[in-house]
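Peer 1: need a structure here:
(one chain, ligands or ions: 1)
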Amino acid sequence: MISLTARRYDTQQPVRLRIDRGVIQTLDAIPDQGDLPDDLPWLAPGLIDLQVNGYDGISFNSPSLSPDQVRQVSLAMDAHGVTRYCPTVTTAPWEVLAHAMTTIAHAIRTLPEVADRVLGIHLEGPYLCSDDGPRGAHPAAHIRPPDWDHFQRLQHLADGQIRIVTLAPEYDKVPEFIRRAVGQGVLVAIGHTNANSQQIRAAVDAGARLSTHLGNGAHRQLPRHPNYIWDQLAEDRLVASLIVDGHHLPPAVVKSFLRAKGPTRCILISDITSMAGKPPGKYESANSGEIEILEDGRMVLAGQRHLLAGAALPITAGVANVLRYTEYDLQVAVDLASVGPAHLIGTEPVRLQVGVPADLTLLRLSTADPVASIHVVATFVKGCLVSGRIPG
Ligand SMILES: [Zn+2]
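Peer 2: Residues are numbered from 1 along each chain as shown. The predicted structure is shown next:
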């Protein structure tokens, strides 16, 4: 049995919590009479990250990915308060995609730590736009139009574990592909695209529900209007995932996107790569050649500091940045990385109430105003303390 005292992230009410047999057994409000410690941690649902490409030298796109490496990445998420996530596999030759699908599916089947944490696979590509700009770092040679048989072969190898597919909807017959994927319970996302207004509308009519990292994986210059950013921003049936690491989107864009869509139509993702978790320095990356992690967490192509080579900061950085860049409070910022993604992918969000599975995190905000960082004090998966410690 675990018991602790914390402050609810949503109501700010101090509470005494008891966890036993994997679920919240009691959650009692404590009157705040000024005798509680100032640094009482915030009690929040475990965070959910729908886009994780790897961590600490392990890439889900590695041709030698092993089930144990899937386990290592899954456990590495604990320290960041992430209790559920989607291993994300990006555009690659067939053999690499097939290997990733079989390996991740095998890990989910055989390793309980993986099964507890993985919500399903996010397949980002290979059905993307091949133009420089929207293509991002996806290798042009392996980009291809959406192909239902190709996708079905991957889904079969993945034991049906592909839960999200990000695609560019400007190809022929995409609405049919989307309808079939949605029929299988797959969340279809628009991303790395050059689609026009009609193509975006057709994709949404067919069931696409997410814009993958809106504002990134895009041309450096766009016609002022119409363009695919406005079209997706204005489409209320699309939720936008945002990389709010402080580098991928400027603060004004984050604030404007959040206001335009509203916080219930946005979610945070980290989109971290295998270089995340490494200290600042230069590294050799399989996809992008030599890359450098700078002191501020920015990951760039070595010697070209203006060219981002991917994301390296965990989703907690996004939660802190939402507090810095916008007028939204901690509840909204945390929900963008927990309740929102849960709803989107169709899993039950963790509510702070008696009887729910204890996938929880304890957070401390830096005392700087605006909040500059979030520190994860402890993480619980299914009621077990998996990272950090319970403050005494
Ligand atoms: Zn991407």
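
Peer 1: and for V356, the neighbour number?
Peer 2: 17 (other C-beta atoms under 10 Å). Every residue, glycine included, has its C-beta placed from N, CA and C.

Peer 1: which residues touch it?
Peer 2: V23, I24, V350 (C-beta atoms under 8 Å, 6 or more residues apart in numbering).

Peer 1: for A6, same thing?
Peer 2: Counting by C-beta under 8 Å, 6+ apart, A6 has contacts P14, V15, L17, L40, P41, W42, L43, L362.

Peer 1: what do you get for I48?
Peer 2: Contacts of I48 by C-beta under 8 Å, 6+ apart are V82, T83, R84, Y85, L119, A337, S338, P341, A342, I345.

Peer 1: how about low-confidence regions in the stretch 151-300 of the chain?
Peer 2: Within the stretch 151-300 of the chain, the stretches with pLDDT under 70 are 286-288.

Peer 1: mind listing the strands for it?
Peer 2: Assigned by DSSP state E, counting those that start in this stretch, the strands in the stretch 151-300 of the chain fall at 162-167, 187-190, 210-211, 239-243, 266-269, 281-285, 289-293, 299-301.

Peer 1: who does the shortest one pair up with?
Peer 2: What it means is strand 210-211. Counting by DSSP bridges, the strands paired with strand 210-211 are strand 187-190 (parallel), strand 239-243 (parallel).

Peer 1: of the ones you listed, which is nearest S270?
Peer 2: Closest approach to S270 among the strands paired with strand 210-211 (C-beta to C-beta): strand 239-243, 7.2 Å.

Peer 1: near the residue nearest to Q155 when sequence neighbours are not counted, how many other residues are there?
Peer 2: In this structure, Q155 finds its nearest non-sequential neighbour in I162, 5.1 Å apart by C-beta to C-beta, 6 or more residues apart in numbering. The number of residues packed near I162 is 27, by other C-beta under 10 Å.

Peer 1: contacting residues for H343?
Peer 2: Counting by C-beta under 8 Å, 6+ apart, H343 touches P349.

Peer 1: that one in helix, strand or coil?
Peer 2: Secondary structure, DSSP: H, G, I helix; E, B strand; the rest coil: H343 is helix.

Peer 1: so how far is P169 from it?
Peer 2: Plainly put, H343 is 23 Å away from P169 if you go by C-beta to C-beta, to the nearest Å.

Peer 1: could you grab the helix/strand/coil label for the nearest residue to V114 once chain neighbours are set aside?
Peer 2: Leaving aside its sequence neighbours, V114 sits nearest to A107 (C-beta to C-beta, 6+ apart; 4.4 Å). Of the three states, A107 takes helix according to three-state DSSP.

Peer 1: my read: A107 touches P67, true?
Peer 2: Yes - between A107 and P67 there is a contact at 3.9 Å, judged by C-beta atoms under 8 Å.

Peer 1: for D296, what are its contacts?
Peer 2: Going by C-beta under 8 Å, 6+ apart, D296 touches G246, H247.

Peer 1: use 363 as the first number from now on
Peer 2: New numbering, starting at 363: the last item is D658.

Peer 1: got the phi/psi numbers for it?
Peer 2: Phi and psi for D658, reported as degrees, to the nearest 10, are phi -90, psi 10.

Peer 1: I'd like the distance between it and P642.
Peer 2: Taken as C-beta to C-beta, the span from D658 to P642 is 9 Å.

Peer 1: now, which of the contacts of V718 lie within helices?
Peer 2: Judged by DSSP state H, helices contain none of the contacts of V718.

Peer 1: and I470, how far from F742?
Peer 2: Taken as C-beta to C-beta, the span from I470 to F742 is 21 Å.

Peer 1: which of the two has more neighbours?
Peer 2: Between I470 and F742, F742 has the larger neighbour count (other C-beta under 10 Å), namely 27 against 24.

Peer 1: isn't the more buried one right next to T723, touching?
Peer 2: Yes - if you go by C-beta under 8 Å, F742 and T723 touch, sitting 7.3 Å apart.

Peer 1: hey, what's in contact with both of the two?
Peer 2: Common neighbours of F742 and T723 (C-beta under 8 Å, 6+ apart) are G408, T445.

Peer 1: rewinding a little: for PyMOL, what selects the buried ones among the contacts of I410?
Peer 2: The PyMOL selection below is limited to those of those classed as buried (16 or more other C-beta atoms under 10 Å):
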select buried, resi 444+445+446+447+481+699+700+703+704+707
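
Peer 1: in helices only, show me the contacts of I410.
Peer 2: P703, A704, I707.

Peer 1: quick one: the last one from A638, how far?
Peer 2: In other words, I707. 21 Å.

Peer 1: now do the first one
Peer 2: When distance is defined by C-beta to C-beta, P703 is 18 Å away from A638.

Peer 1: residues touching L698, list them.
Peer 2: P625, C628, I629, L630, G680, V681, V684 are the contacts of L698 under C-beta under 8 Å, 6+ apart.

Peer 1: those into CSV, with extra columns for distance to F539 and neighbour count?
Peer 2: Converted to CSV, the contacts of L698 look like this (distance: C-beta to C-beta, whole Å; neighbours: other C-beta atoms under 10 Å):
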residue, distance to F539, neighbour count
P625, 30, 17
C628, 25, 24
I629, 23, 28
L630, 27, 31
G680, 30, 29
V681, 34, 28
V684, 33, 27
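
Peer 1: now the residue nearest to I631 when sequence neighbours are not counted: which helix or strand?
Peer 2: Counting by C-beta to C-beta, 6+ apart, Q413 is the residue found nearest to I631 once chain neighbours are left out, at 4.0 Å. Q413 belongs to strand 409-414 when assigned by DSSP states H and E.

Peer 1: what angle do strand 524-529 and that strand make with each other?
Peer 2: Interaxial angle of strand 409-414 relative to strand 524-529 (axes from the mean of the first three to the mean of the last three C-alpha atoms, to 10 degrees): 50 degrees.
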